[in-house]
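Peer 1: I would like the atomic coordinates for the input below:
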Amino acid sequence: MTENFDRTPGAGRVRIKPRRPGLADVGDSTSVFNESEPLRQPRTSPPLTENTNTSEAIGGESRRPSKPHQVIHNNSTPASKVKSVETLVKTSILSANALEFYPASFSPYEDGSDGYYTETTLAELVEEFLSHLNSSPGSFEMDIEYIVNMLNSWVTTEETLQELVELIYTQSTAIPNFSYTGARLCNFLSHNLVLSPASGNFRQLLLKRCQTEYEQRDVAVRGDQETQKKFHAYVLFLGELYLRLEVKSAKGPPSRAEILLTALRDLMDALLSNPVDGNLICAVKLLKLTGSVLEDAWKENGKSDMDQLTQRIENILLDSQCSRDVKQMLLRLVELRSSNWGRVHAAAAADATPDNDPNYFMNEPTFYTADGTPFTAADPEYSEKYQEILDREDDYFPEDCEENGNESSFNDEDEMDPEIEEAFEKFCLESERRQRQ
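Peer 2: Below is the predicted model of the structure:
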């Protein structure tokens, strides 16, 4: 049965398409390739040479192309492409050596709103420096020389010097708790800023700027709340400036600016002339900051200005309608002054003993009682007072505090110091304002 079976692949299974009419058979026993329809054109035609007849279709028959993609036009030859590239190179205004490229319709120096081509201004530079010093005051010594060198390269004219003075004064009186660092910066610039025009050097221009606010003191202490707030910031900055600003002397060591001593005395009179809470709090802060230094300077000149100021404060305690917390602050200030601003008098160094020299324990720390009275290891009641401080700390930090340092409970009966409470409220308001922004 299988003798006549051809095992060759494809044998006997050739599929013959129907023959076209009019074509004769060659034979019955031989394989015949009948003429069929031409093959379908590929979607992408292969490139043709220039002498190719575009009317000749693939498949051997002469057919008219029915689709545009089957025809290759002569005007897209490589020779024409080379010619167009050469023309483009000759007419191009681009340069391979350019630092950057941008469209011809774009002008990088028209408005600078995108910030890519605008130069840094002096105001932006100073604001960046002051922001850094405000956030990292401990790096002042390391960064101050770099800051001064940068400012020396920027401040080369009288106008830029005036602008620098205004910028530093504005920021020192506007940024909370920056008056100390601002005064240190002003002292360093007064000695290291190179430019010194005929109108005055940095220190002289700064004092002139402070004088402008000084002349408005009588109006400022009676102004609205915002005006008083700015004036109080100016007063505290001037106090720091008196402590930090050094004036070089040809005959001796640097001294403080005497003009600021007179100014601070007049500012204290202006604050006490309108004894409202804000003015009195500012006066207390100023005397806590500079009281000992001011009294020493007045005593050297044979003046009793501090006695007069103390007497005015005591009269305010009796007659003023200020709040109870402010009266407590004034009372503590009077007590602090009566204790020589927390200092102890020096004894003879030759006969110094723990019994006759309060400064014998000068390397020991100074502590303060609950009412603000200072004491050291030389105090006869040192042990009792120190134990009182330890007991007070146990009340504030009980043993059942959490390990991460968060207290589980506080003594709610102890009242917060008015000055600390005011600073805390300002901190909370400032934090809330920044969160809203």
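
Peer 1: and the strands in the stretch 201-350 of the chain?
Peer 2: Secondary structure of the stretch 201-350 of the chain (DSSP state E, counting those that start in this stretch): strands located at 246-247, 255-256.

Peer 1: what's residue 316 in contact with, if anything?
Peer 2: 272, 275, 280, 322, 330 (Cβ atoms under 8 Å, 6 or more residues apart in numbering). Yep, even glycine has a C-beta here, placed from its N, CA and C like the rest.

Peer 1: look up how far residue 127 lies from it.
Peer 2: Here the distance between residue 316 and residue 127 works out to 40 Å (Cβ to Cβ, to the nearest Å).

Peer 1: low-confidence ranges, the stretch 51-200 of the chain, go.
Peer 2: By pLDDT under 70, the low-scoring segments of the stretch 51-200 of the chain are 51-85, 88-90, 92-118.

Peer 1: how close does residue 313 sit to residue 286?
Peer 2: Per Cβ to Cβ, residue 313 is found 12 Å from residue 286.

Peer 1: longest helix of this structure?
Peer 2: The longest helix of the chain (DSSP state H) is helix 277-300.

Peer 1: identify each buried residue in that helix, please.
Peer 2: Residues of helix 277-300 classed as buried under the neighbour-count rule (16 or more other Cβ atoms under 10 Å) are 277-295, 297-298.

Peer 1: same deal with stretch 197-208?
Peer 2: 200, 201, 202, 203, 205, 206, 207.

Peer 1: start to end distance for it?
Peer 2: Counting by Cα to Cα, to the nearest Å, you get 15 Å between the two ends of stretch 197-208.

Peer 1: care to break this structure down by domain?
Peer 2: For the chain, the structural domains run 122-352, 353-399, going by automatic domain parsing.

Peer 1: which of those is buried the deepest?
Peer 2: Greatest average neighbour count among the domains of the chain goes to domain 122-352 (a mean of 16), per mean count of other Cβ atoms under 10 Å.

Peer 1: quick one: contacts for the residue lying closest to residue 320 once chain neighbours are set aside?
Peer 2: Nearest residue to residue 320, sequence neighbours excluded (Cβ to Cβ, 6 or more residues apart in numbering): residue 275, at 4.6 Å. Counting by Cβ under 8 Å, 6+ apart, residue 275 touches 316, 320, 322.

Peer 1: and the second one, backbone torsions?
Peer 2: Here is the backbone geometry of residue 320 (degrees, to the nearest 10): phi -70, psi 150.

Peer 1: wait, what's in contact with it?
Peer 2: Counting by Cβ under 8 Å, 6+ apart, residue 320 touches 275, 280, 327.

Peer 1: looking at those residues, which one is closest to residue 252?
Peer 2: residue 280 (38.0 Å; Cβ to Cβ).

Peer 1: hang on, the earlier thing: quick check: the residue nearest to residue 320 vs residue 425, distance?
Peer 2: From residue 275 across to residue 425, the span is 21 Å (Cβ to Cβ).

Peer 1: also residue 167?
Peer 2: From residue 167 to residue 425 the distance is 29 Å (Cβ to Cβ).

Peer 1: returning to that earlier point: how about the buried residues of stretch 197-208 in CSV, adding distance to residue 217?
Peer 2: Shown next, in CSV, are the buried residues of stretch 197-208 (distance: Cβ to Cβ, whole Å):
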residue, distance to residue 217
200, 23
201, 26
202, 24
203, 21
205, 20
206, 18
207, 15
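
Peer 1: quick check, nearest of those residues to residue 145?
Peer 2: Closest to residue 145, out of all of those and judged by Cβ to Cβ, is residue 202, at 16.1 Å.

Peer 1: tell me the secondary structure of residue 419, please.
Peer 2: Of the three states, residue 419 takes helix under DSSP: H, G, I helix; E, B strand; the rest coil.

Peer 1: if I pick the nearest residue in space to it that is not next to it in sequence, what's in contact with it?
Peer 2: Distance criterion Cβ to Cβ, 6+ apart; nearest residue to residue 419, sequence neighbours excluded, is residue 329 at 6.2 Å. Listed by Cβ under 8 Å, 6+ apart, the contact partners of residue 329 are 280, 281, 284, 418, 419.

Peer 1: pLDDT score for residue 329?
Peer 2: Residue 329 carries a pLDDT value of 91.
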